[in-house]
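Visitor: let me see the structure of the following:
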Amino acid sequence: MARIQILTQQEIKEFEQVPLFKYKEKTHIFSLPKILNDATQSFQNDSYFLIFTLLFGYFKITNKFYDDTFYYESDIEFVTDKYNLQNINHIKLPRKTIYRYKQLIREYFKINDYTEDIKSILQKEANNLANNFIHRKKIFYTLVNLS
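Guide: Sure thing, here's the model as predicted:
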C-alpha cells in the first residue's frame, strides 16, 4: 500500500503542539465545572490537581491529551495562581492515575471509545470525501473533527 504524505513535517508539528493561550482564554479554559471540581477533592495533593486541570483545559479546546512534558510554564503558573495551589512538585504521576483522569474527562465530555462502528463511519466518510476529490488535507481535518 502506497503511503501518501498528507501533512508536511511543519503541519504535523503544529497539529501535535500544545496550543498557546492568551490570559483571558486561560480563565475560561482552565475553569473546572462543579462536578469535576468536586471529584478533585479526593486528589492526593495540589500537583495531582494541577495536572488534572491542565489535562482538562487542553482537552476542552483540542480534544486531545498531551504529555505533561509539553505543558507551558505560563499555563502551570496560571493554574497554580488561579487555584492558589501550594507545594507543587514536578513529579511524574503514575500511569494509572493519568488514565483515570483521562477517563473522568472523557466521561464529562461524553466521548465514546473507538469501536469498529466508529471506524466504519470514518472509513465511509473518508471514501465519500475522496470520491468527491476533496483535498487530502481537508479530508484529514474533517476526519479528525468527526472522530
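
Visitor: now stretch 94-109: mean pLDDT?
Guide: Regarding stretch 94-109, the rounded mean pLDDT is 93.

Visitor: and if you look at stretch 83-91?
Guide: Averaged across stretch 83-91, the pLDDT comes to 83.

Visitor: one more: stretch 29-37?
Guide: 95.

Visitor: end to end on that stretch, go ahead and measure it.
Guide: This stretch, stretch 29-37, spans 14 Å end to end (Cα to Cα, to the nearest Å).

Visitor: list the buried residues for the helix or strand of the chain with the lowest mean pLDDT?
Guide: Of the helices and strands making up the chain, the lowest-confidence element is helix 136-146, at a mean of 76, by mean pLDDT, DSSP states H and E. Judged by neighbour count using 16 or more other Cβ atoms under 10 Å, the buried positions of helix 136-146 are 139, 140, 142. From N, CA and C alone the C-beta is placed, and that goes for glycine too.

Visitor: put the alpha carbons of that helix into PDB.
Guide: Extracted C-alpha coordinates of helix 136-146, given in PDB (Å, rounded to 0.1, in the frame of the first residue of the first chain):
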ATOM      1  CA  ARG A 136      -6.300  15.300   1.200                       C
ATOM      2  CA  LYS A 137      -5.600  17.900   4.000                       C
ATOM      3  CA  LYS A 138      -9.300  18.800   4.100                       C
ATOM      4  CA  ILE A 139     -10.100  15.100   4.300                       C
ATOM      5  CA  PHE A 140      -7.700  14.700   7.200                       C
ATOM      6  CA  TYR A 141      -9.000  17.600   9.200                       C
ATOM      7  CA  THR A 142     -12.700  16.600   8.500                       C
ATOM      8  CA  LEU A 143     -12.000  13.100   9.800                       C
ATOM      9  CA  VAL A 144     -10.200  14.500  12.900                       C
ATOM     10  CA  ASN A 145     -13.200  16.700  13.700                       C
ATOM     11  CA  LEU A 146     -15.700  13.900  13.000                       C
END
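
Visitor: off-centre distance for that helix?
Guide: Centroid displacement of helix 136-146 relative to its chain, using Cα atoms, centre = their mean, to the nearest Å, is 17 Å.

Visitor: same question, stretch 44-51
Guide: 18 Å.
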